[in-house]
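Asker: Give me the fold of what follows.
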Amino acid sequence: MFNYSFSLGVALSSLLICIVNLIYTIIQKRTDKLQNRLFIAVLCILMVNSMTAIVSSVYGFKPELIAGRSFALHASRYAYFLTHTALCPLFFYYSSNVSFASTRLTNRKIFLLSLPFFVTELLVIINPFTNLVWSLDQNLEFHREWAEILIYIAALFYYVLAFHEVIRTWDCISRKRRISLIFLFIMVAVGVIVQLLNKDLKVEILAEAIGFTGVMMSVENEDDRIDIGSGFYNRTALTLDIGGCLKNGRKLKLLLIRIQNSDLVNRLIGTGEANTIADILSDYLRSVVPRYDIYIPEKDTFILTLYNLPDAEAEAIAERVAGRFEQPWEYREYSIQLSASLILSDIPTQIKSTAELAYMIDSPMSDSTGTRVLKGNDLRFVMRRHSIEDALSRGFAENSYEVYFQPTYHINRKLHGAEALIRMHDKELGNLYPDEFIPIAEQNGLIDDIDEFVLEEVCRFLQTGVPAEHGIDNININLSVLQCMRPGFVDSINRIVEKYGINRRMINFEITESIAASDYDTLSHVIQRLREEGFLFSMDDYGTGYSNVSNIFSLNFDVIKIDKSLLWGAEKSTMGMVILENTIRMIRQMEKKILVEGVETLAQIKLLENLKVDYLQGYYFSKPIPKKDFIALISAYKKKEEPSSI
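Answerer: All right, here's what the predicted structure looks like:
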């Protein structure tokens with residue numbers, strides 16, 4: 001038998017632990033969220049339970065305390081069951097808030113889930129008249145009754161539900177929180193089982209108090225979730241919280257605020273502090289939403305979470321915030337004009353994953369002197385870009401890439417060659433064109449793999465002998481500037497070509513005018529080396545850039561490809577015709593071959609015949625087509641050119 005001192009010591013220890021936890025929670029000023037209030041409610045219940053245990057210990061082990069003994073024991077038992085019955089339901093709702101599982105609970109679900117609590121609480125309330133849960137005999141000895149089993153069953157029900165929600169949202173909870181919650185589950189289970197087996201070993205409340213101490217240290221203490229400089233939640237907290245919302249289907253709006261001139265502001269103030277912008281905006285942002293709905297994933301980026309708001313109200317908040325940035329901000333002795341860009345996005349309609357959220361945060365936004373709010377359809381370009389990045393990443397594994405060929409012709413309309421053009425057939429996004437995905441590939445580092453894929457496909461095609469057999473002089477391959485600047489680029493090209501044993505004169509590399517203008521010295525060296533190996537070079541899209549002409553032609557191209565805009569402009573105006581004629585004349589004088597793109601009509605061909613260009617390319621002959629169709633096209637052309645047998 002455990003004596004009076006043990007029971008009283010356990011009860012006092014439980015009470016002191018709960019009081020310390022409550023004081024620490026208040027000192028930390030973490031009392032405003034529903035999660036915080038549920039935690040405080042649990043602590044209050046445990047304190048009441050501890051005090052009832054103290055009373056039971058004092059009067060239960062001191063029969064000489066006759067005065068008020070019966071009332072004290074009856075009242076303490078009643079207070080214990082009345083509050084303790086609510087402990088597991090509160091624990092379930094608390095853990096659901098931590099894991100964001102509570103967002104799935106409709107009012108109807110909450111009512112149904114609360115029914116076991118209502119029933120058991122009612123049994124406790126009427127127990128003084130029924131003695132269904134517990135009773136005290138004439139000697140004031142405590143006895144469990146059959147209805148107490150229902151309380152344990154209800155507690156087990158909420159315990160299992162809480163455990164299930166934590167496991168289901170495991171990935172949305174930080175490692176530290178997982179450990180503390182599992183520790184709590186273990187402590188609760190141990191305490192209940194021990195006291196159930198031996199009613200005199202009153203350690204359940206102590207075990208629960210110790211378990212919730214771990215929760216207070218690791219869950220309620222949010223140091224790992226707070227950006228120290230600003231006091232707002234950090235990027236890790238944002239990712240976990242939004243991940244929890246997505247996991248549980250909670251709908252909300254995100255208002256992203258990107259300060260475009262933060263570096264300028266920091267230099268102006270000269271503090272060297274990373275949280276200057278947060279200091280300026282802190283009070284205002286807290287007036288828009290509670291502090292626990294503000295995140296700072298980057299030093300110049302803020303995200304406000306807007307829960308349970310209709311679209312019109314969320315948009316009104318965004319416009320109001322945007323309007324505030326049109327006014328100066330007073331900070332110390334400075335009056336500062338902040339330039340901001342805003343995005344109002346919807347979860348889960350527009351933001352469907354934490355990866356998309358990260359992309360929205362990190363994606364560049366156009367610099368502007370004013371403020372603009374991107375919302376609705378305006379946001380499609382951000383998410384579209386992210387989808388394309390995903391498509392590029394999986395492209396090779398899923399064989400999404402394909403090389404198309406567009407034929408080129410001599411001015412007399414005899415077959416000359418072809419241009420190899422990359423296409424994507426993504427299973428989710430459908431057909432993608434280079435104008436959309438190549439710039440993104442250049443930024444995320446996949447352009448080298450794509451360029452090498454095109455070169456390998458062309459070499460593989462040339463190796464079959466089909467192009468040469470059908471009169472193809474060479475095939476044009478586009479080069480990106482990043483590829484040209486890469487160390488070992490020339491060696492890489494030679495390695496691939498030698499692998500297939502291709503005559504280098506069959507490959508003509510194209511470089512756009514704007515690319516060529518970016519670094520003449522490096523490109524001149526690359527082109528010279530590859531020309532010495534036997535490769536041909538063309539300048540693509542001539543007429544669209546603003547390059548120094550002498551520098552361009554010093555790169556020693558074999559062919560100059562005149563952009564379609566010059567041809568189409570010549571048909572529209574006299575000035576356009578003058579520009580085209582003089583451009584062709586200048587290239588002729590420099591003794592370069594001329595290919596004109598965008599040929600779509602017979603009249604254009606007649607015009608270019610008169611201007612004496614060398615090659616033609618355009619939809620008049622064929623659009624870019626898959627290799628199979630291209631082979632069929634050039635085979636039909638060869639048959640047409642062959643003399644008929646008599």
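
Asker: For Ile475, which three-state class applies?
Answerer: Using DSSP: H, G, I helix; E, B strand; the rest coil, the structure places Ile475 in strand.

Asker: Then Ser538?
Answerer: Going by three-state DSSP: Ser538 is strand.

Asker: For it, which non-adjacent residue is spatially closest?
Answerer: Once flanking residues are discounted, Ser538 sits nearest to Val559: 4.0 Å by C-beta to C-beta, 6 or more residues apart in numbering. No exception for glycine: its C-beta is placed from N, CA and C like everyone else's.

Asker: chain center to whichever strand in the chain runs longest, what's the gap?
Answerer: The longest strand of the chain (DSSP state E) is strand 415-426. In terms of C-alpha atoms, centre = their mean, to the nearest Å, the centre of strand 415-426 is found 33 Å from the chain centre.

Asker: Show me where the stretch 151-300 of the chain dips below the pLDDT cut-off.
Answerer: 270-274 (pLDDT under 70).

Asker: So which residues of it form helices?
Answerer: Under the criterion DSSP state H, counting those that start in this stretch, helices of the stretch 151-300 of the chain are mapped to 175-197, 204-215, 235-248, 262-269, 276-288.

Asker: which stretch among those comes nearest Lys593?
Answerer: Closest to Lys593 of the helices of the stretch 151-300 of the chain is helix 262-269 (C-beta to C-beta; 48.7 Å).

Asker: what's the closest one packed up against?
Answerer: Helix 262-269 is packed against helix 276-288, strand 334-336, with contacts defined by 3 or more C-beta pairs under 8 Å, 6 or more residues apart in numbering; DSSP states H and E.

Asker: now with 10 Å?
Answerer: Packing partners of helix 262-269 (3 or more C-beta pairs under 10 Å, 6 or more residues apart in numbering; DSSP states H and E): helix 276-288, strand 329-331, strand 334-336.

Asker: got the angle for it vs helix 276-288?
Answerer: Inter-element angle recorded for helix 262-269 and helix 276-288: 110 degrees (by axes from the mean of the first three to the mean of the last three C-alpha atoms, to 10 degrees).

Asker: mind listing what's buried in helix 262-269?
Answerer: For helix 262-269, a neighbour-count test (16 or more other C-beta atoms under 10 Å) marks Ser262, Val265, Asn266, Ile269 as buried.

Asker: One more: stretch 568-581?
Answerer: Neighbour count says stretch 568-581 has Gly569, Ala570, Gly576, Met577, Ile579, Leu580 buried, by 16+ other C-beta under 10 Å.

Asker: Likewise for stretch 267-285?
Answerer: By 16+ other C-beta under 10 Å, the buried positions in stretch 267-285 come out as Ile269, Asn275, Thr276, Ile277, Ala278, Asp279, Ile280, Leu281, Ser282, Leu285.

Asker: Generate CSV for those, with distance to Leu246 as supplementary columns.
Answerer: Below are these laid out as CSV (distance: C-beta to C-beta, whole Å):
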residue, distance to Leu246
Ile269, 38
Asn275, 29
Thr276, 33
Ile277, 28
Ala278, 26
Asp279, 32
Ile280, 31
Leu281, 27
Ser282, 28
Leu285, 24
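
Asker: Three-state assignment for Gly471, please.
Answerer: Secondary structure, three-state DSSP: Gly471 is coil.

Asker: hang on, isn't it packed against Leu415?
Answerer: Yes. Using C-beta atoms under 10 Å, Gly471 makes contact with Leu415 at a distance of 5.0 Å.

Asker: Just want to know which of these two has more residues nearby.
Answerer: Legend: neighbour count by other C-beta atoms under 10 Å for Gly471 and Leu415, higher for Leu415 (20 against 14).

Asker: what's that one in contact with, if anything?
Answerer: By C-beta atoms under 10 Å, 6 or more residues apart in numbering, the contact set of Leu415 is 407-409, 467, 470-473, 621, 633-634, 637-638, 641.

Asker: Which of those fall within strands?
Answerer: Using DSSP E, the contacts of Leu415 in strands are Pro407, Thr408, Tyr409.

Asker: for the stretch 451-600 of the chain, what spans make up the helices?
Answerer: Using DSSP H, counting those that start in this stretch, the helices of the stretch 451-600 of the chain run over residues 466-469, 481-485, 489-500, 513-516, 520-533, 549-553, 564-572, 574-589.

Asker: Of those, which shows the lowest average pLDDT?
Answerer: For the helices of the stretch 451-600 of the chain, mean pLDDT drops lowest on helix 513-516, to a mean of 52.

Asker: how about the strands in the stretch 251-400 of the chain?
Answerer: 252-259, 294-298, 301-307, 329-331, 334-336, 340-347, 372-375 (DSSP state E, counting those that start in this stretch).

Asker: hmm, back to that, correct me, but the residue nearest to Ser538 touches Ile511?
Answerer: No. Contact criterion C-beta under 10 Å: Val559 and Ile511 do not qualify, at 11.1 Å.

Asker: what residues are shared contacts of these two?
Answerer: Phe537, Ser538, Met539, Asp540.

Asker: Farthest-apart pair in the buried residues of stretch 568-581, please.
Answerer: Gly569 and Met577 (8.2 Å).

Asker: that older thread, now distance to Lys199 too, for the buried residues of stretch 568-581, in JSON lines please.
Answerer: As requested, the buried residues of stretch 568-581 are exported to JSON lines (distance: C-beta to C-beta, whole Å):
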{"residue": "Gly569", "distance to Lys199": "96"}
{"residue": "Ala570", "distance to Lys199": "100"}
{"residue": "Gly576", "distance to Lys199": "99"}
{"residue": "Met577", "distance to Lys199": "104"}
{"residue": "Ile579", "distance to Lys199": "100"}
{"residue": "Leu580", "distance to Lys199": "101"}
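
Asker: moving C-terminal of the longest helix seen in the chain, what's the next helix or strand?
Answerer: In the chain, taking DSSP state H as the definition, the longest helix is helix 34-60. Heading C-terminal from helix 34-60, the first helix or strand you meet, by DSSP states H and E, is helix 69-84.

Asker: Right, I'll call it a day here.
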